[in-house]
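In: coords below, sequence missing:
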């Protein structure tokens, strides 16, 4: 399920499936994209930041067109204890690899991978980025 902003409308709460992972997408070419993510973070329950949130930064292949500072993105990951993934959606190989990584993260967050918790995985992702 996709949402362009948070909070989600409450009128369909009873029909909404369980949320296992929230992926915030940031287009590195758009300051509005970062502002939208920052505004939406206030609506996420604190418990999600224990391994069930990640930031996906797109457009990284065009560093010369950046409108968002990398420090701001790294700070988001650090402040919210959430991994940051980078990709270039215009390149099919990278797009496919990123989709596979997200599916794997989702499987872990949903509890479909025995012996690996979302919290443990999130911690490993943050440590590998450091």
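Out: Perfect, thanks for sending it. Please read these numbers as outputs of a predicted model, since none were measured by experiment.
In: Neighbours of the residue nearest to residue 5 when sequence neighbours are not counted, how many?
Out: With sequence-adjacent residues excluded and distances taken as CB to CB, 6 or more residues apart in numbering, residue 5 is closest to residue 40, at 5.9 Å. In this view, the C-beta of every residue, glycine as well, is placed from N, C-alpha and C. Residues near residue 40, counting by other CB atoms under 10 Å, number 16.
In: State the distance from residue 40 to residue 121.
Out: 23 Å (CB to CB, to the nearest Å).
In: now swap in residue 93 and tell me
Out: 24 Å.
In: likewise residue 53?
Out: As judged by CB to CB, residue 53 and residue 121 stand 12 Å apart.
In: more crowded one of the two?
Out: More crowded of residue 53 and residue 121, by other CB under 10 Å: residue 53, with 22 against 19.
In: Now the more buried one. Its backbone dihedrals?
Out: Dihedral pair for residue 53: phi -130, psi 140, per degrees, to the nearest 10.
In: Surely residue 82 is in contact with residue 53?
Out: Yes - here residue 82 reaches residue 53: they are 4.4 Å apart, a contact under CB atoms under 8 Å.
In: quick one: contacts for the residue nearest to residue 5?
Out: Residues in contact with residue 40, defined by CB atoms under 8 Å, 6 or more residues apart in numbering, are 5-6, 24.
In: now do residue 87
Out: Neighbouring residues of residue 87 by CB under 8 Å, 6+ apart: 56-58, 60, 94-95, 97-98.
In: Most neighbours among those residues, which one?
Out: Counting by other CB under 10 Å, top hit in these: residue 57 with 23 neighbours.
In: That one falls within a helix, correct?
Out: No - in this structure, residue 57 is strand, not part of a helix, as judged by DSSP: H, G, I helix; E, B strand; the rest coil.
In: Quick check: residue 95 touching residue 101?
Out: No - the pair residue 95 / residue 101 is not scored as a contact, 10.9 Å apart, by CB under 8 Å.
In: Mind jotting down where the helices sit in the protein?
Out: Secondary structure of the chain by DSSP state H: the helices cover 31-41, 70-79, 92-109, 118-129.
In: need the helix or strand of this protein with the lowest average pLDDT.
Out: helix 118-129 (a mean of 68; mean pLDDT, DSSP states H and E).
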